[in-house]
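>>> what would the 3D arrangement of this be:
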Amino acid sequence: MPVNLTANAISAINGGDVNSKPLVQVLDIKLIGSTQERYRLLLSDSVATQHAMLATQLNDRVKTGGVRKGSVIQLIDYICSTVQNRKIIVVLNMETIIPDCDVIGNPKMFSEADSVPQKPAPDMPSGRPTSIKNNNVGVQTSALASFSHVKTSGFQNQGSNTQSFRPTVQPSYQPPPNYKNHGAIMRNEAPARIIPIAALNPYQGRWAIKARVTAKGDLRRYNNARGDGKVFSFDLLDSDGGEIRATCFNAVVDRFYDTIEVGKVYVISKGSLKPAQKNFNHLKNEWEIFLETASSVDLFPDEDASIPRQQFSFRPISEIQHTESNSILDVIGVVVTVNPSVPILRKNGMETQRRILNLKDQSGLSVELTLWGEFCNREGQQLQEMVETGNFPILAIKAGKVNDFTGKSVSTISATQLFINPDCSEANSLRDWFEHGGKEIASHSISREVMPGGSKNETRKTLAQIKDEGLGRSDKPDWITVKATISFIKTDNFCYTACPLMIGDRQCNKKVTKSGNSRWLCDRCNQEFEECDYRYLLQVQVQDHTGLTWVTAFQETGEEILGCSAKDLYLLKYEAENDVKFTEIIRNCLFTEFLLRLKIKEEIYGDEQRVKITVVKAEKVNYSEESRFLFDMIPKFQLR
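Numbers count the residues shown, from 1 in each chain. The predicted structure follows:
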């Protein structure tokens, strides 16, 4: 049966045609690459041949024999890139039409002299960029190693559901005649094509992307062996869900830093692509754009509703407890508590602020979110005012960092963005859940020393059972919850002076003393500083209907019990000498019922063994939740 390949297909592709979906024949296949498998094909249209590179996600087509020498295939998605002054067809998607076939025609290697004339690019109305949205089809692309790297990463408020796209090349984009920041295009220079972010690779010729700026980093200065410099980055999102970071250095910073605005749409071209530094770049793209002196960044004059304002890949709190430390993720939850902001001195001598929030979601768990720096005074203060008035807001965190110090928690980094009551489906669903019963559901924290073990972590006990059952005397600590009343707090040494320096992402916290020059000295850090931190070391007597015992509450739990920071309480007692206010704070928490989550472990002090009871979480009793808990317990005690 005769087979007709698409006439002049090779010539048309080299001329820029990427929409004809031609039939071509595979004449040869070679496996290349030492670090990553990739296949080079020799394609024929019966007259001319051209080398092509197969996208790595199509490697299985060759391995399973779906594509082999002699196969007739239809190219579905493809681009033509110039590599070392030689054009290469990059095959992103294809279909096998005939698995085996004799060589068709008498093809010869394509020469650009044989190229057919191409139709001129369409006129641009009013000198403005034209946007033609790509059709969505089930195509996913990945790295082509040294020739082409294409990767999809579409998450448009759909959790981890990937939105695929067909990377059809868009019409050429001609910047307006009066655009800023760069000179006129040379007369013989072809205009760049607008392509999806996911189709960018370092081996293309001219390209342009149209994308919205979703985040803009601070201007940072640095010093290295090459001298002083400055740098800033911004994140881009296009209509197909592709994301990429653009970075500017030195003179390029001066050109674009004041120009770039979060939320605006720009057409960007003439940048170089380099591998993304994953230690600093959390976006789902293996490339990063480095803008240069010849780069173009043009504001798109009209709002493009097809490009979302932001996209998230939310993870439920229940997954965070199984996530590796230092991972970057998006999380959304209801803010149920907001602790005071406290000053922290970093190891470089600079002071910053820290504030701790608690979030809960439908998974029945809660997690601590630590805000650093300006987040404390900006969003943190707003959230505190909302919670204090009984308005529990929804908070979406974009690019939070997972920590595993005494349990799993999340903290802000420089790339983090916070969205209070965002307009998205996840926020609406969470709000509906919270207002229709979720507010009354007790949640279990995955932060601060909540150890694995499921329901065992939340075993309800009485104080008498701690002694009767010998809790804490095994190799591992016991974790229980008690409902108890605070009957006494020692106030003579309720806090200690602590080192405020940061060691990595953790505070030193070692006790410090004053040196001869009245500065504070830390033996561990071997540094002196003007101001120290103050950390709670509360000795608290608690009691329930079965007895009483002493427990220890450290910094965060001390704040939860007393409702203020250790520094504020210290200043009241020893500097302001306001005994009335100090006594009022202590009295306000006496004879108040708390749900106390306790860690019980036997420790050795000298030659003596003692059972140490530490408060890892303190929550005032919510009597509605407690009543529901007691009602649920009744069937367990009914006689059968």
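
>>> could you list the domains of this protein?
The record, using automatic domain parsing to delimit domains, assigns the chain the ranges 9-114, 151-177+191-299, 317-445, 454-494+537-637.

>>> neighbours around Arg587, how many?
Neighbour count for Arg587, taken as other CB atoms under 10 Å: 10. Glycine gets a C-beta too; all of them are placed from N, C-alpha and C.

>>> any idea which helix or strand in this structure has the lowest mean pLDDT?
Least confident helix or strand of the chain, by mean pLDDT, DSSP states H and E, is strand 143-144 with a mean of 37.

>>> skip the chain neighbours and tell me the closest residue to Thr247.
Here the nearest residue to Thr247 in space, its sequence neighbours aside, is Ser233; by CB to CB, 6 or more residues apart in numbering that works out to 4.5 Å.

>>> the one you found is in what secondary structure piece?
strand 227-237 (DSSP states H and E).

>>> what residues of that strand count as buried?
230-237 (16 or more other CB atoms under 10 Å).

>>> just grab the bridge partners of the nearest residue in space to Ile604 that is not next to it in sequence for me.
Taking CB to CB, 6+ apart as the measure, Ile604 lies nearest to Arg610, with 7.8 Å between them; neighbours along the chain are not counted. With DSSP bridges applied, Arg610 shows beta-bridge pairing to Glu603.

>>> Arg610 against Lys601, yeah?
No - checked against CB atoms under 8 Å, the pair Arg610 and Lys601 is beyond contact range at 9.9 Å.

>>> of the two, give the one with the bigger neighbour count.
Lys601 (18 against 12).

>>> residues in contact with the host helix or strand of the more buried one: which ones?
Lys601 belongs to strand 593-605 when assigned by DSSP H and E. Contacts of strand 593-605 from elsewhere in the structure, counted by CB atoms under 8 Å, 6 or more residues apart in numbering, are 445, 449-450, 457-458, 466, 471-473, 477-486, 542, 551, 561, 609-621, 626.

>>> distance between that strand and the chain's centre?
If you compare the mean C-alpha spot of strand 593-605 with that of the full chain, they lie 35 Å apart, counting by CA atoms, centre = their mean, to the nearest Å.

>>> cool, and stretch 408-427?
For stretch 408-427, the distance from its own C-alpha centre to the chain's C-alpha centre is 9 Å (CA atoms, centre = their mean).

>>> again with stretch 220-236
Using CA atoms, centre = their mean, the distance between the centre of stretch 220-236 and that of its chain works out at 22 Å.

>>> and Gln381, how many neighbours does it have?
By other CB under 10 Å, the residues close to Gln381 number 15.

>>> test my guess that Arg38 contacts Met53.
Yes - judged on CB under 8 Å, Arg38 makes contact with Met53 at a distance of 6.6 Å.

>>> which positions within stretch 428-442 qualify as buried?
Per 16+ other CB under 10 Å, stretch 428-442 contains these buried residues: 430-431, 434, 438, 442.

>>> and the strand holding Ser233, what does it pack onto?
strand 207-216, strand 220-224, strand 243-249, helix 251-256 (3 or more CB pairs under 8 Å, 6 or more residues apart in numbering; DSSP states H and E).

>>> now do 10 Å
Counting contacts by 3 or more CB pairs under 10 Å, 6 or more residues apart in numbering; DSSP states H and E, the secondary-structure elements packed against strand 227-237 are strand 207-216, strand 220-224, strand 243-249, helix 251-256, strand 265-269, strand 287-290.

>>> out of the ones you listed, which gets the lowest mean score?
Comparing mean pLDDT over these, the weakest stretch is strand 220-224, at a mean of 83.
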